[in-house]
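Student: Compute the structure for the input listed below.
(one chain, ligands or ions: 1)
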Amino acid sequence: LRAKYAPIIREDGDLEGLVVLLQDVTEHEKLENMRKEFVANVSHELKTPLTTIKSYTETLLDGAMESKELTTQFLTVVESETDRMTRLVQDLLQLSNLDFKQGRWNKKEVCINDIVKDAVLKIEVSAKNKRQQLVCKTSEEDTITYADKDKIEQVILNVLSNAIKYTSKEGRIEIAVQTVNNIGKIIIKDNGIGIPSKDLPRIFERFYRVDKARSREMGGTGLGLSIAKQIVEAHDGKIEIFSEEKEPGTSVVITLPTLEKASVLN
Ligand code: ADP
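Tutor: Sure, this is the predicted structure:
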């Protein structure tokens, strides 16, 4: 609480009273700290690949270029670090568009089953590369929602790619669509490394990661789930994540209103 005082002085110079202004600054301070933390995170995330690129190019220019083998090896690192920076910048731009409500939503009537099937088609090769089983169970009847198909597909791809990343080789990933009381549910379940319960409450925060090194190694930016949450919420939906110690793995549940409940006004 911030306090400001102003005395009220009578004409004869005596003190008549005091005006006290109490201002609640906790919310303001919290936002300010979040902003500072975000800038620190972005700078750090950009600096790490830049440092690597700089040192590898320096070594190349210092003579390593004479060996064709080293040149290929070093340039491969430079390429993958630039790819990482590109992904980060793309994710940041997307978050900023969502924050400023820029960019138009292309909302139409779409069937959730179709979005899920398209997403699975796009990502099944990554699961295959890890010899993981990717099982897709769509709902029997059509589950129609009013949504931007590409954006919801992206949400599913972000969650599915996490399931693949954080599940070992030969693991199992299941994606199911269900409709209950005018609510469409997409459930993505894996039997991977899981998330400790202490980390669950913060998992949708920007740059929050259980294991930074592992996420980086997997090519993650730490922004996938926060982007997913913002997109789902812009569709009046909800995204939740569960991970239980007694059962290995993680489940993500995305709920979207089906057409009867959707607000067609957005
Ligand atoms: P990242 O790019 O690091 O994957 P996300 O925002 O997509 O960023 O996810 C944040 C963190 O949540 C990850 O770094 C990881 O620690 C954890 N996480 C997300 N999905 C899973 C999952 N299916 N299994 C285990 N951990 C997960």
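Student: Now do residue 237 against the ligand, distance only.
Tutor: 17 Å (Cβ to the nearest ligand atom, to the nearest Å). Heads up, the C-betas are built off the backbone N, CA and C, glycines and all.
Student: What confidence value was assigned to the residue lying closest to that residue once chain neighbours are set aside?
Tutor: Spatial nearest neighbour of residue 237, excluding adjacent residues (Cβ to Cβ, 6 or more residues apart in numbering): residue 256 at 4.2 Å. On pLDDT, residue 256 comes in at 97.
Student: and residue 256, what element?
Tutor: strand 250-257 (DSSP states H and E).
Student: can you list contacts of that strand?
Tutor: Identification of contacts with strand 250-257 by Cβ atoms under 8 Å, 6 or more residues apart in numbering yields 112, 145-147, 152, 155-156, 159, 162-163, 166, 182-190, 192, 194-195, 228, 232, 235-243, 262-263.
Student: if you set the cut-off to 6 Å instead, what comes out?
Tutor: By Cβ atoms under 6 Å, 6 or more residues apart in numbering, the list of residues contacting strand 250-257 from outside reads 145, 159, 183-190, 194-195, 232, 235-243.
Student: so does that strand get close to the ligand?
Tutor: Yes - applying Cβ under 6 Å from any ligand atom, one finds strand 250-257 in contact with the ligand at residue 250.
Student: Partner strands of that strand and their direction?
Tutor: According to DSSP bridges, strand 250-257 forms sheet pairs with strand 183-190 (antiparallel), strand 238-243 (antiparallel).
Student: circling back: quick check: bridge partners of the residue nearest to residue 237?
Tutor: residue 184.
Student: From the ligand, how far off is it?
Tutor: Going from residue 256 to the ligand by Cβ to the nearest ligand atom gives 19 Å.
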